[in-house]
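Return a 3D structure for these sequence lines:
(one chain, ligands or ions: 1)
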Amino acid sequence: MEAHLTVGRVAGLTGVTVRTLHHYDDIGLVRPSARTAAGHRAYAAADLARLREVLAYRRLGFGLREIADLVDAPSADAIARLHRLRGLLLEQRDRAAAMVTAIDRELETRVMDTTPPHATGAHLYESIGSAYPATRRTEPRIAARVWEALGDARTVLNVGAGTGNYEPTDRDVTAVEPSSVMRAQRRPDAAPCVAAVAEHLPFDDRSFDAAMAFSTIHHWDDPIAGLREMRRVARRVVVFTHDAGESAWRQRFWLTRDYLPEVARLVAGRPSVHRLADAIGARVSPVLVPWDCADGFFEAYWRRPEAYLDPAARRAVSVWTRVGPEAERRAVAALRADLASGRWAARHHDLAALDAAELGLRLLVA
Ligand SMILES: C[S@@+](CC[C@H](N)C(=O)[O-])C[C@H]1O[C@@H](n2cnc3c(N)ncnc32)[C@H](O)[C@@H]1O
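Numbering: from 1, shown residues only. Next comes the predicted model:
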C-alpha cells in the first residue's frame, strides 16, 4: 500500500504552513489524494510532487490561477513542464545579471563623474580612498624585499602609510598618513598613525632606525623635500616607487603605451627616479611584478588584462581617476574590444610565458 503523509508532515518538509496547504486543497490546486480513517488529509508521493511544482512556480512570482493552468495543462507532461520551469529560471537569472551590470555601470559613472581629476595628494585620497581596500593588499614577495631592506631597524616610520598594507608586524612602527579616509580604514591593531605630510614630518632628527614609503611619493607635492625629511628623521630610508621615464614605464607597459597615453601628462615635470635617489644618496634596484601580484596597483594585472575591465579594480588605483573619465572610458572600451576580438592575445602571446615582468618599479635604499 502507498505511504501517505499527514498535512503537518508535508508542511514540515516543504516549509509551507498548514493553513496554506488547506487553502491549496480548498481551491483544488493541491488535493491530497486520500483521507485517513479519521478524515484527515493524507498526501501521496504524487501530491507532494505536484506541491513542489506549485511552490517552484510560486517562487517565480506566478499567481495561483496561472499556476493552476500550468500544472493542469493536459498536454504538458512532467519533463516538458520541468524544461519550461528551467527556462523561466534561466530568464530570471539573466535578468538579474543584466540588472547587476546596469547598477555597476551606474555606480562607476557616478564615482567617475563626482571625483575631480585635478585633485592630488591627500585630497585625492579623501575622495577615492574608500575604494582602496577592494583590491589593494600586501603583496608578500614585494613586502619581503622592503622588509629585508629595512635591515635590523627596530623602529620604523611608514610615510604615506595608507591602510598600512606594507607595515612590518615584528618592529615598532609609527605611521604617517594625511588622508582621514585612509586613516579610518586602518585595522584597529595597526600601528599608531599621525596625521601629517611627508614634506613636514613632525619628528626630531634621527628619531627612527628606518623610514619607509610604499607607492606614495608620486602623490607628494614635493617628493624631494619629503625624501629629505625621511632622511632627516631616520638613519635608513627605503622607498618603493616607479621610474615614470618614457622607456622604463610608459613605453614598456602595454596599458600605458597602447591604451592610456594620457599618463604622460600626469608624470610630466616629476623628478626622475635618479634625481630622487640622488637627493638621499640611495641605491636603485628593480622590482619585478609577479604575474599573480596580490596588490592590485596599476601595473599588477599585466598578464591578467581582463582585470582592468573591472570598475572596482580601477577605482582602487589613482591613475584611472587622474586621467579623467573620458580617457578612462575610451581606454577601457578599446581594451574590451581587443580582448573580445583576440587582438590583445595575439599581440601579447609572449607574456603568457613570463612569471614576472620588469615594468619600471624600483626600490630605493639609502
Ligand atoms: C597609493 S596609496 C599607498 C598607501 C600605502 N603606502 C600602501 O602601499 O598601501 C598613497 C598614499 O599616499 C598618501 N599621501 C598623499 N600625499 C601625501 C603626502 N604629501 N605625504 C604623505 N602621504 C601622502 C595618500 O593619502 C595615500 O594614502
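
Okay, strands next: where are they in the stretch 101-250 of the chain?
155-159, 172-176, 193-194, 208-214, 234-242 (DSSP state E, counting those that start in this stretch).

got it, and the stretch 251-366 of the chain?
Counting by DSSP E, counting those that start in this stretch, the strands of the stretch 251-366 of the chain are 283-286, 289-290, 356-357, 361-365.

Could I have the CA atoms of stretch 178-198 written out in CSV?
Taking Å, rounded to 0.1, in the frame of the first residue of the first chain, the C-alpha atoms of stretch 178-198 are listed here in CSV:
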residue,chain,number,x,y,z
PRO,A,178,47.5,62.8,5.8
SER,A,179,44.1,61.4,4.5
SER,A,180,41.4,60.9,7.1
VAL,A,181,39.6,58.4,4.9
MET,A,182,42.7,56.3,4.6
ARG,A,183,43.5,56.6,8.4
ALA,A,184,39.9,55.5,9.2
GLN,A,185,40.4,52.3,7.2
ARG,A,186,43.4,51.1,9.2
ARG,A,187,42.9,48.0,11.3
PRO,A,188,42.3,48.6,15.0
ASP,A,189,45.5,46.7,15.8
ALA,A,190,47.5,48.7,13.2
ALA,A,191,50.5,50.8,14.2
PRO,A,192,49.7,54.3,15.7
CYS,A,193,49.2,56.8,12.9
VAL,A,194,50.0,60.5,12.8
ALA,A,195,48.1,62.9,10.5
ALA,A,196,50.9,64.7,8.7
VAL,A,197,52.6,65.0,5.3
ALA,A,198,55.9,63.7,4.2
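
I'd like to know which residues of the stretch 101-250 of the chain are adjacent to the ligand.
Counting by C-beta under 6 Å from any ligand atom, the stretch 101-250 of the chain comes close to the ligand at 121-122, 125, 136, 159-163, 165-166, 177-179, 182, 197-199, 214-216, 219-221. C-beta: built from backbone N, CA, C; applies to glycine.

give me the residue from the stretch 251-366 of the chain nearest the ligand.
In the stretch 251-366 of the chain, the residue that lies nearest the ligand is residue 318 (6.3 Å; C-beta to the nearest ligand atom).

Could you do the chain as well?
For the chain, C-beta to the nearest ligand atom, closest residue to the ligand: residue 162, 2.5 Å.

what residues go with each domain of the protein?
5-72, 123-365 (automatic domain parsing).

Please identify the most buried of those domains.
domain 123-365 (a mean of 18; mean count of other C-beta atoms under 10 Å).

Could you tell me the end-to-end distance of that domain?
One end of domain 123-365 sits 28 Å from the other (C-alpha to C-alpha, to the nearest Å).

Likewise for stretch 192-211?
Stretch 192-211: ends 15 Å apart by C-alpha to C-alpha.

hmm, which helix or strand of the protein has the shakiest average pLDDT?
helix 78-114 (a mean of 79; mean pLDDT, DSSP states H and E).

next one: it to chain centre, how far?
21 Å (C-alpha atoms, centre = their mean, to the nearest Å).

Check which helices and strands that helix sits against.
Helices and strands touching helix 78-114, by 3 or more C-beta pairs under 8 Å, 6 or more residues apart in numbering; DSSP states H and E, are helix 45-59, helix 64-72, helix 311-315, helix 325-341.

Quick check: mean pLDDT of the last one?
So the one you mean is helix 325-341. The average pLDDT within helix 325-341 is 96.

same deal with the second one?
Confidence for helix 64-72, expressed as mean pLDDT, is 87.

What of the shortest one?
Summarised as a single mean, pLDDT over helix 311-315 is 94.

Tell me where the model's unsure across the stretch 201-350 of the chain.
For the stretch 201-350 of the chain, the stretches flagged by pLDDT under 70 are 246, 248.

For residue 66, give its distance to residue 73.
Relative to residue 73, residue 66 is positioned 11 Å away (C-beta to C-beta, to the nearest Å).
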